[in-house]
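*Asks:* Using only what follows, build the 3D model:
(4 chains)
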There are 2 protein chains.
Amino acid sequence: MVAMRTASPRSPSRTRERILDASLALFNESGAPNITTNHIADAAGISPGNLYYHFRHKEDIVMALYGRYETALNGVLDSGQDAQDAVSDLWLLVHLAFEVIQDFRFIHRDLSDLSAAYPALRARFQRSVEAGIARTSAYCLALARAGALDASPEEAHALATNISLVTTYWLNLQALRHASRGGLAPPDDDTISEGVFQVLSLITPYLRGAMREDFRRIALRYLPPPSDRGDCSKPTA
Amino acid sequence: MVAMRTASPRSPSRTRERILDASLALFNESGAPNITTNHIADAAGISPGNLYYHFRHKEDIVMALYGRYETALNGVLDSGQDAQDAVSDLWLLVHLAFEVIQDFRFIHRDLSDLSAAYPALRARFQRSVEAGIARTSAYCLALARAGALDASPEEAHALATNISLVTTYWLNLQALRHASRGGLAPPDDDTISEGVFQVLSLITPYLRGAMREDFRRIALRYLPPPSDRGDCSKPTA
DNA sequence: GTCTATATAGGGATAGAC
DNA sequence: GTCTATCCCTATATAGAC
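*Replies:* Residues are numbered from 1 along each chain as shown, chains lettered A, B, ... in the order given. The predicted structure is shown next:
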C-alpha cells in the first residue's frame, strides 16, 4: 500500500476522514486501548507526525468518532419517534439501533476504560444513556396507560431500563461469548437478529391478548435456526 | 496447598494476601488497566521488587483474584441449587450473586480489556457465562414445563439469557450512570436492590396468576423510595 | 500537509545486595 | 522475603526539514 502522499492537490482534508475511518476499523477490531496512534497512522498510510497534525491528541479521534456515533444513533431514534404509534414497527427500530451500535461497537466494548480516560466522553455517554432510558420509559408508560401493557408504572420503568441495558450490552456479551484467539468476534448478522429477539422477549410478556401473539410471531422470525451457533452462513439479513 | 516454606517468622505468606487485597481494592476503585504494579506495591506497603517475588506477572494477580471471585460466586449459586424448588427464595439468590459481583466489580467492568490481555481469563469467564446461562435456562425451562411460567421453550431460554445479561452488566451500567469526577461510583446498597428489582422484573410478567402477584409484592419491596436517586440512606439490606 | 527523527514518560519486569 | 536500582520496551506527543 502506501499510495503515498497523494497530498497537496485536492482533498479538502480527506486525510482527516481517512484517519477516522482507519481508527474506527482498528478500534472495533482490537479495542481502542490496544490501538496506538502508530497503528492508526500505518493503517491510514500516513506518518505518525502527520496524524498529530490532524489530531493533537488520541482523545480527539475518539471524541470525533463518538460524534459520528451519536449522530447516527439519533438519526435512527428520531426517525422512530414518528412511527412510534405503530408498535409493530418496534422491531425495526431496535434492529437499526443495533446496527449503529455494531458499527461503533468499540465504544460500548471499552466504555469503562474510555470513560475513565476521557471524562468528556463519559459525560456525553451518560447523557445519552439517560436520554435513552427516559425516551423508552415514556414510551412504555404510554403503552401501559393505554392498556396495551400490563404493568405498573414501576414495572414499566424497569422494563424500559432493561431494554436500554440489553440494547447497550448485548453485542458486548456476544463478542465475549464468541471470541476466540486474537481479535474479538467479527460482525455477525445473526448476532443482531438474536439481539432483537432478546429485546422483544423483554416486552412480549407484558403485552395483552392479540398483541402479545402478534409480537410472539414477529419475535420468532428473529430466532436463528437452532444450530450450535458456530458459524452458520448468514441468511437474508 | 503450598504450606511451603512459610516465610521466615510468622505469616504463612500473608504478604501474598496483602497484595491481593490491595489489588482488589485498587482495581475496583480505578479499573485494573489503570493500576500499575507500582501502585499495588505502594498500597500493600512493599517494594515493587517484592511484589514480583510473589507474582511473576500482573496477570497472575488478576487470575488469582478471578479465582477468588469464581469460588465466591459458585458458593452462592451452589447453595441456591438446593433451595431452587422454592421460587420465592429466588430474590435472595440474586441478591447474594450481586453482592459477590459487587465485591469483584472490576472484573465485569474491564472485561473486554482483561479478556484481550489475558486469554486465560477470557476462557474462564466464557465458561462461567455459559454455565450460568445453562443453569438459568434449565431452571426456567423446568418452570415452564411445570406450568408456572407462561413461555415457549425459546422464550424461556431468552429469559434466562436476559437474566444473565442483566446480572452481569447491571452494576456496570449503574457505575457509569452515577460516576462523577475521579474514581467510579462507590459501593451502594441501593444499587444492588435496584438490580434485584430489575431481574425480578424480567421474570414476573411470565409468571401466572397468584405467583405473579406474589412476585410483584416481593419485587416492590426492592424498589427504593422514588427520590431522585441521589443518596437515600440504605434501608434494611 | 507531510515526512523523519526524537523527546518524554511510564509501565512491566529483573538483578543482585541484604 | 524484602529491598534498591535499573533494564527494556512501547506509547503519546513534538520539532523541524521538505
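*Asks:* drop to CA atoms for contacts and neighbour counts, all remaining ones
*Replies:* Will do.
*Asks:* State the distance from the residue sitting nearest the centre point of chain A to DNA strand D.
*Replies:* By C-alpha atoms, centre = their mean, chain A has its centre lying nearest to A:I101, at 1.0 Å. Remark: distance between A:I101 and DNA strand D (C-alpha to the nearest atom of the strand, to the nearest Å) = 23 Å.
*Asks:* Which pLDDT value belongs to that residue?
*Replies:* Note on A:I101: pLDDT of 98.
*Asks:* ok, now A:P186?
*Replies:* Taking A:P186 on its own, its pLDDT is 70.
*Asks:* Now the lowest-mean-pLDDT helix or strand in chain A: buried residues?
*Replies:* When the helices and strands of chain A are compared on mean pLDDT, DSSP states H and E, helix A:209-221 comes out lowest with a mean of 85. Using 16 or more other C-alpha atoms under 10 Å in any protein chain shown as the test for burial, helix A:209-221 gives A:211-212, A:215-216, A:218-219.
*Asks:* who are the neighbours of that helix, in terms of helices and strands?
*Replies:* Under the contact definition 3 or more C-alpha pairs under 8 Å, 6 or more residues apart in numbering or on different chains; DSSP states H and E, helix A:209-221 sits against helix A:189-203.
*Asks:* pLDDT of the helix it packs on, averaged?
*Replies:* Taken as a whole, helix A:189-203 has a mean pLDDT of 95.
*Asks:* what does stretch A:106-113 give?
*Replies:* Stretch A:106-113 comes out with an average pLDDT of 96.
*Asks:* Can you show me the CA trace of it as PDB?
*Replies:* Taking C-alpha atoms only, stretch A:106-113 is exported to PDB below (Å, rounded to 0.1, in the frame of the first residue of the first chain):
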ATOM      1  CA  PHE A 106     -15.700  -0.300  20.300                       C
ATOM      2  CA  ILE A 107     -17.500   2.400  22.200                       C
ATOM      3  CA  HIS A 108     -19.600   0.100  24.300                       C
ATOM      4  CA  ARG A 109     -16.900  -2.500  24.500                       C
ATOM      5  CA  ASP A 110     -14.300  -0.300  26.200                       C
ATOM      6  CA  LEU A 111     -16.700   2.000  27.800                       C
ATOM      7  CA  SER A 112     -15.300   1.900  31.300                       C
ATOM      8  CA  ASP A 113     -11.800   2.500  30.200                       C
END
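*Asks:* do the helix or strand encompassing A:S128 and DNA strand D meet?
*Replies:* Applying DSSP states H and E as the criterion places A:S128 in helix A:119-145. No. Judged by C-alpha under 7 Å from any atom of the strand, helix A:119-145 stays clear of DNA strand D, getting no closer than 13.7 Å.
*Asks:* Report the angle between that helix and helix A:189-203.
*Replies:* Angle, helix A:119-145 to helix A:189-203, by axes from the mean of the first three to the mean of the last three C-alpha atoms, to 10 degrees: 50 degrees.
*Asks:* residues of the very next helix or strand once past helix A:119-145 that come out buried?
*Replies:* Per DSSP H and E, helix A:119-145 leads on to helix A:153-178 as the next helix or strand towards the C-terminus. By 16+ other C-alpha under 10 Å, the buried positions in helix A:153-178 come out as A:154-177.
*Asks:* residues from chain A in reach of chain B?
*Replies:* Counting by C-alpha under 8 Å from any C-alpha of the partner chain, chain A comes close to chain B at A:31, A:33, A:109-110, A:112-113, A:116, A:119, A:122, A:126, A:129-130, A:155, A:158-159, A:162, A:165-166, A:169-170, A:173, A:176-177, A:181-184, A:197-198, A:201-202, A:205-206.
*Asks:* gap between A:L65 and DNA strand D?
*Replies:* Remark: distance between A:L65 and DNA strand D (C-alpha to the nearest atom of the strand) = 15 Å.
*Asks:* residues in contact with the residue nearest to A:M211 when sequence neighbours are not counted?
*Replies:* Residue nearest to A:M211 in three dimensions, not counting chain neighbours: A:A148, with 7.9 Å by C-alpha to C-alpha, 6 or more residues apart in numbering or on different chains. Residues near A:A148 by C-alpha atoms under 8 Å, 6 or more residues apart in numbering or on different chains: A:207-208, A:211.
*Asks:* DNA strand D: which of those is nearest?
*Replies:* Closest approach between those and DNA strand D, by C-alpha to the nearest atom of the strand: A:L207, at 48.2 Å.
*Asks:* How many residues are close by that closest one?
*Replies:* 21 (other C-alpha atoms under 10 Å in any protein chain shown).
*Asks:* Next one: it from B:A179, what distance?
*Replies:* Per C-alpha to C-alpha, to the nearest Å, A:L207 is found 35 Å from B:A179.
*Asks:* Kindly report the same for A:H54.
*Replies:* On the measure of C-alpha to C-alpha, A:H54 and B:A179 end up 31 Å apart.
*Asks:* So chain A: which segments form each domain?
*Replies:* According to automatic domain parsing, chain A comprises the domains A:14-54, A:66-221.
*Asks:* Mean pLDDT lowest where, among those domains?
*Replies:* domain A:66-221 (a mean of 91).
*Asks:* For DNA strand C, tell me whether that domain is touching it.
*Replies:* No. Domain A:66-221 stays clear of DNA strand C (C-alpha under 7 Å from any atom of the strand), getting no nearer than 12.4 Å.
*Asks:* Am I right that A:F106 is in contact with A:I35?
*Replies:* No. Using C-alpha atoms under 8 Å as the test, A:F106 is too far from A:I35 to be in contact (11.2 Å).
*Asks:* Overlap of the contact sets of these two?
*Replies:* By C-alpha under 8 Å, 6+ apart, A:F106 and A:I35 have these common neighbours: A:F27.
*Asks:* rewinding a little: I'd like to check the angle between the least confident helix or strand of chain A and helix A:189-203, please.
*Replies:* Using the same axes, to 10 degrees: helix A:209-221 against helix A:189-203 is 160 degrees.
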